[in-house]
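Colleague: Here is a sequence with its predicted model. Questions after.
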Amino acid sequence: MAKDELDLTQVTRVVAEVKQGFEDFKQAHAEQMKEVARGIFDPLVEEKLRKINDDLNAKQEHIDKLYAASRRKHLSINGVEVDQVDLDKKAHAWANMVAKRRGTSVQSFAHSDVLDYKAAFVEYLRKDDRVLSADETKALSVGSDPDGGYVVDPDTSGRIVMKQFETSPVRQYASVQVISTDALEGLFDLDEAASGWVSETGSRPETGTPQLKPWRIPVHEQYAEPRATQKLLDDAYINMEDWLAAKVAEKFSRTENAAFVNGTGVGQPRGFLTYAHGTTLPGTIEQVATGVNGGFAAAPAGADKLISMVYGLKTNYRNNGVWFMNRTTTAGVRLLKNSDGSYLWQPSIAAGQPSTLLGYPVATFDDMPDYTTNGALAIAFGDLAQAYQIVDRLGIRVLRDPFTAKPYVKFYTTKRVGGDVINFEAIKLLKFATAV
């Protein structure tokens with residue numbers, strides 16, 4: 001079994017352990033509340049709760065990975081959906097993307113050609129293109145970038161993206177579009193046509209005409225520069241392509257994950273937490289205040305704020321709603337009860353299913369702030385596929401540099417990606433403050 005694959009039998013076992021862990025959590029919490037009511041604070045009970053929470057978080061990671069994998073969407077290349085397992089189609093799209101930058105086109109390029117390219121690419125990583133054979137040079141020329149270097153073949157690009165899926169869950173829930181230009185553009189359709197009642201012979205004045213507003217998401221360049229000694233490259237039995245993909249994926253995923261949540265939009269994607277409070281569209285996202293700085297209000301008021309977020313969304317967004325928060329905030333949410341004394345958070349009930357809050361899935365976004373921070377926008381709820389658009393520039397470029405850091409060979413790898421909110425009413429934020 002591959003390193004990152006999940007054993008379904010193991011996940012089923014973990015689900016059962018999470019259920020039991022939550023029962024232990026509820027029992028410990030009830031014990032703590034009884035002692036608090038008597039004016040007693042027992043640090044041992046507090047430590048017990050912390051350990052149970054940490055154990056629940058660790059086990060929930062297994063379940064979250066499987067659920068995230070089940071949400072992987074088809075890619076859309078320049079507006080046309082491409083099945084990720086349709087290898088010939090993906091290979092042809094990749095070859096034409098590179099050829100387009102040279103002002104040419106490729107009529108025929110199949111997955112078998114990708115395999116030839118991949119073998120030559122591995123040799124390029126090991127040796128440099130100046131010492132490749134004629135056949136290797138010919139195979140590699142398909143991916144030659146006009147700006148220098150070679151574009152990573154589609155299988156390697158796919159592995160890099162898949163690794164990002166597993167460490168950057170924003171991609172599981174947002175929309176992802178692959179383009180071959182420098183920006184994705186669209187229109188905000190926020191208005192409606194005006195109308196009125198009129199008698200048979202009454203006058204019919206002109207009514208209001210709906211307006212469209214453009215939006216544009218540019219792609220921004222991020223880079224990674226893993227390196228290895230030439231001796232390792234010459235003698236290694238490991239798959240250098242996999243090694244490079246893993247190193248790049250680790251760098252890119254952390255960078256992108258943070259930007260999709262908190263990015264400024266200047267030279268990087270803009271995060272969905274960076275917009276001001278408001279209901280005027282587009283440009284603001286509605287926030288709900290907890291009424292308490294750095295925490296939830298006492299029960300049941302804390303639960304009421306979450307309920308307000310759920311039913312503040314329009315039905316078509318609420319039907320696909322997901323909660324987004326980090327693990328520290330999840331630990332705080334597990335303590336919340338409704339007016340009947342029932343816990344709002346419920347553990348997974350089956351393998352591949354997430355934990356739920358008020359009946360809606362909970363996704364872990366570790367780049368979101370802790371709820372204990374005053375004024376933090378620590379919880380989001382909504383349909384992120386409608387709200388947030390990620391834009392990938394097709395192609396990942398690699399430059400092999402054996403000169404500037406001898407005895408190391410550096411692999412300067414670049415990718416261009418953008419992201420921004422395009423539907424501001426499809427998501428709501430909970431602010432841990434007395435007011436928004």
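Modeller: Ah, there it is. Every value quoted in this text rests on a predicted model; they were computed, and no experiment measured them.

Colleague: Helix or strand: which one has Leu429?
Modeller: Assigned by DSSP states H and E, Leu429 falls within strand 427-431.

Colleague: nope, His92 is what I meant
Modeller: Here His92 sits within helix 87-101, counting by DSSP H and E.

Colleague: Next, the angle from the helix or strand just after that helix to helix 87-101.
Modeller: Using DSSP H and E, the helix or strand that follows helix 87-101 in sequence is helix 111-127. Angle of helix 111-127 versus helix 87-101, following axes from the mean of the first three to the mean of the last three CA atoms, to 10 degrees, is 60 degrees.

Colleague: Which positions in stretch 311-330 come out as buried?
Modeller: Going by neighbour count (16 or more other CB atoms under 10 Å), the buried part of stretch 311-330 is 312-313, 317-318, 320-330. Heads up, the C-betas are built off the backbone N, CA and C, glycines and all.

Colleague: Could you list which of those residues belong to strands?
Modeller: Applying DSSP state E to the buried residues of stretch 311-330, the entries found in strands are 322-325.

Colleague: Rounded mean pLDDT for stretch 282-298, please.
Modeller: Taken as a whole, stretch 282-298 has an average pLDDT of 94.

Colleague: Can I get that stretch in CSV, CA atoms only?
Modeller: Output of stretch 282-298 as CSV, limited to C-alpha atoms (Å, rounded to 0.1, in the frame of the first residue of the first chain):
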residue,chain,number,x,y,z
PRO,A,282,-19.6,42.1,-4.0
GLY,A,283,-16.8,42.9,-1.7
THR,A,284,-18.0,42.1,1.8
ILE,A,285,-18.7,38.9,3.8
GLU,A,286,-21.3,38.9,6.6
GLN,A,287,-19.8,38.2,10.0
VAL,A,288,-21.7,37.1,13.1
ALA,A,289,-20.2,38.1,16.5
THR,A,290,-20.1,35.7,19.4
GLY,A,291,-20.7,38.5,21.9
VAL,A,292,-17.6,37.5,23.8
ASN,A,293,-13.9,38.3,23.1
GLY,A,294,-11.9,35.2,22.5
GLY,A,295,-14.6,32.7,23.3
PHE,A,296,-18.2,31.4,23.1
ALA,A,297,-21.0,32.9,25.2
ALA,A,298,-22.4,30.7,27.9
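
Colleague: buried sites along it?
Modeller: 285-293, 296.

Colleague: Flag the shaky bits of the stretch 101-250 of the chain, pLDDT-wise.
Modeller: Scanning the stretch 101-250 of the chain for pLDDT under 70 picks out the ranges 146-148, 153-154, 158-159, 161-168.

Colleague: And the buried residues of stretch 311-330, which is closest to Gln211?
Modeller: Tyr317 (22.5 Å; CB to CB).

Colleague: which ones are touching the closest one?
Modeller: Counting by CB atoms under 8 Å, 6 or more residues apart in numbering, Tyr317 touches 382-383, 386, 425-427.

Colleague: switch the cut-off to 10 Å
Modeller: 381-387, 423, 425-428 (CB atoms under 10 Å, 6 or more residues apart in numbering).

Colleague: Looking at these, which are in helices?
Modeller: Among the contacts of Tyr317, the residues falling in helices (DSSP state H) are 384-387.

Colleague: Dump the residues you listed into TSV; add pLDDT as well.
Modeller: Converted to TSV, these look like this (pLDDT from 0 to 100):
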residue	pLDDT
Leu384	96
Ala385	94
Gln386	95
Ala387	97
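
Colleague: mind putting these in a markdown table, neighbour count and distance to Pro347 included?
Modeller: Output for the ones in helices among the contacts of Tyr317, formatted as a markdown table (neighbours: other CB atoms under 10 Å; distance: CB to CB, whole Å):
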| residue | neighbour count | distance to Pro347 |
| --- | --- | --- |
| Leu384 | 28 | 22 |
| Ala385 | 19 | 25 |
| Gln386 | 18 | 27 |
| Ala387 | 22 | 27 |
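
Colleague: can you give me the helices for the chain?
Modeller: All helices of the chain, identified by DSSP H, fall at 8-37, 43-70, 87-101, 111-127, 134-141, 154-167, 170-173, 230-235, 240-262, 301-312, 315-318, 327-333, 384-387.

Colleague: Distance to Gly375 for those helices - can I get that in JSON lines?
Modeller: Formatted as JSON lines, those follow (distance: least, CB to CB, whole Å):
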{"stretch": "helix 8-37", "distance to Gly375": "27"}
{"stretch": "helix 43-70", "distance to Gly375": "24"}
{"stretch": "helix 87-101", "distance to Gly375": "44"}
{"stretch": "helix 111-127", "distance to Gly375": "48"}
{"stretch": "helix 134-141", "distance to Gly375": "53"}
{"stretch": "helix 154-167", "distance to Gly375": "28"}
{"stretch": "helix 170-173", "distance to Gly375": "22"}
{"stretch": "helix 230-235", "distance to Gly375": "49"}
{"stretch": "helix 240-262", "distance to Gly375": "14"}
{"stretch": "helix 301-312", "distance to Gly375": "15"}
{"stretch": "helix 315-318", "distance to Gly375": "25"}
{"stretch": "helix 327-333", "distance to Gly375": "14"}
{"stretch": "helix 384-387", "distance to Gly375": "22"}
